[in-house]
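[1] following is a predicted model, sequence given first.
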Amino acid sequence: MNTKTLALIAVAPMEGVMDATTRDLITRQGGWDFCVTEFLRVTQGRQPLKVFQRICPELRQNAQTLIGTPVHLQLLGSDPAALAINAQIGVAAGAKVIDLNYGCPAKTVNRHLGGASMLRYPDKLYAATHAVAQALKESNTPLTAKMRLGYDDTELTLDNARALNAAGITQLVVHARTKAQGYKPPAHWEWIAKIAEVVDVPVFANGDIWTVADYQRCVEVSGVKDVMLGRSSMTNPWLAKQIKQHLTGKEVEQVDFKRVLGFLLQWLVLDAQFYEEIVRVMRAKQWLVMFRLRWGEEAQQVFDVCKRLTNERDLMSYLEDYLLFSDS
Ligand SMILES: Cc1cc2nc3c(=O)[nH]c(=O)nc-3n(C[C@H](O)[C@H](O)[C@H](O)COP(=O)(O)O)c2cc1C
């Protein structure tokens with residue numbers, strides 16, 4: 001059976017976390033249909049090619065991770081001309097799909113009318129998106145977008161979705177929270193159903209899908225079967241595969257916290273090629289912070305020890321000892 005017809009499952013863009021190494025390792029676990037890069041911020045003028053290659057090293061390998069999962073290039077900005085020219089440069093550099101970020105809540109970005117702040121102005125949202133869609137016409141490159149429900153509230157949610165649709169996007173991911181709601185649970189999946197009714201492009205649900213059971217509930221509430229997974233792609237890199245096993249009636253393989261810690265150890269080894277030790281240790285702690293969201297007390301205990309460790313040797317030997325000797 002072709003699982004792609006059942007559901008598409010994407011790895012979400014996550015700035016400062018979801019880099020090429022992480023995308024590579026996560027997609028190798030199977031079940032993932034595409035990834036989106038961390039955002040490349042566009043203010044005015046052209047970005048140098050090396051910036052595109054830093055954000056998306058996969059541009060050098062047909063815009064795919066090592067196992068062949070497509071990687072879409074995400075741009076963030078508000079200036080139609082600047083977005084359009086940089087989208088074209090992205091394509092010239094090897095991007096196969098361009099994605100626009102209308103969800104980022106960061107103050108520095110929002111102050112300059114980028115990310116979620118664009119959701120206050122459906123007309124500007126349309127202008128920016130339309131300019132990119134037009135710029136990509138000649139190369140026939142698909143343009144996708146990712147939005148939150150709104151900035152302060154949901155008053156303009158449907159207007160924004162309609163504006164993106166009219167501007168020429170081919171796919172829409174909805175992080176089902178406003179900017180004001182930050183990352184606070186719950187995600188309001190019921191809004192995804194309303195958005196799907198007013199657009200004629202495929203809609204992906206995003207926000208707070210941590211388990212197969214969450215996926216199932218999200219489908220019931222949103223009516224949408226395609227999803228993008230952010231933090232849960234790191235707290236359980238096998239979740240896409242588990243969802244597809246569930247959808248095809250196969251036995252869902254079990255994942256426990258120790259397996260996820262083993263994955264983190266693999267990541268530390270792989271990332272050694274790209275980052276200095278201090279960065280790897282800091283980022284491993286970021287992973288552990290995220291693990292607490294899914295694995296609760298067990299992850300908290302590990303984090304409490306690791307947060308005090310300052311070098312990688314100590315960190316890795318603690319994690320290895322935990323894997324070998326802890327009873328949980
Ligand atoms: C650390 C972090 C960085 C993020 N960076 C981006 C980004 O660069 N572009 C974007 O569109 N969304 C970004 N997001 C939002 C996620 O893609 C996703 O929409 C959000 O985490 C909700 O999904 P989740 O509950 O599955 O994590 C980021 C989220 C986090 C936690």
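    Everything's here; your move.

[2] for the rest of this, base every contact and every neighbour count on C-alpha atoms.
    Noted.

[3] V227: what's it in contact with?
    Residues in contact with V227 (C-alpha atoms under 8 Å, 6 or more residues apart in numbering) are A7, L8, I9, A10, F204, A205, N206.

[4] and which of these is nearest to G94?
    A10 (19.9 Å; C-alpha to C-alpha).

[5] which of the contacts of V227 are close to the ligand?
    Restricting the contacts of V227 to those touching the ligand (C-alpha under 6 Å from any ligand atom) yields N206.

[6] so which of the contacts of V227 are in strands?
    Among these, DSSP state E puts I9, A10, F204, A205, N206 in strands.

[7] check the residue lying closest to D214 once chain neighbours are set aside and give its pLDDT.
    Using C-alpha to C-alpha, 6 or more residues apart in numbering and skipping residues adjacent in sequence, the residue nearest D214 is D208, 7.7 Å away. On the pLDDT scale, D208 is placed at 98.

[8] give the contact list for D208.
    P185, P186, A187, D214, S232.

[9] of the contacts of V227, closest to the ligand?
    N206 (5.2 Å; C-alpha to the nearest ligand atom).

[10] do you know how far that closest one is from Y322?
    33 Å (C-alpha to C-alpha, to the nearest Å).

[11] those two: who's more crowded?
    N206 (27 against 16; other C-alpha atoms under 10 Å).

[12] list the contacts of that one.
    Contacts of N206 (C-alpha under 8 Å, 6+ apart): V173, V174, H175, A176, V227, M228, L229, G230.

[13] before we move on, what about L261?
    L319, L323.

[14] up against the ligand, what does the stretch 201-328 of the chain have?
    Checking the stretch 201-328 of the chain against the ligand by C-alpha under 6 Å from any ligand atom, the hits are N206, G207, D208, I209, L229, G230, R231, S232.

[15] dihedrals phi and psi, the fifth one?
    Per-residue torsions, L229: phi -110, psi 130 (degrees, to the nearest 10).

[16] also the third one?
    Dihedral pair for D208: phi 60, psi 40, per degrees, to the nearest 10.

[17] that older thread, nearest to A161 among the contacts of V227?
    F204 (12.6 Å).
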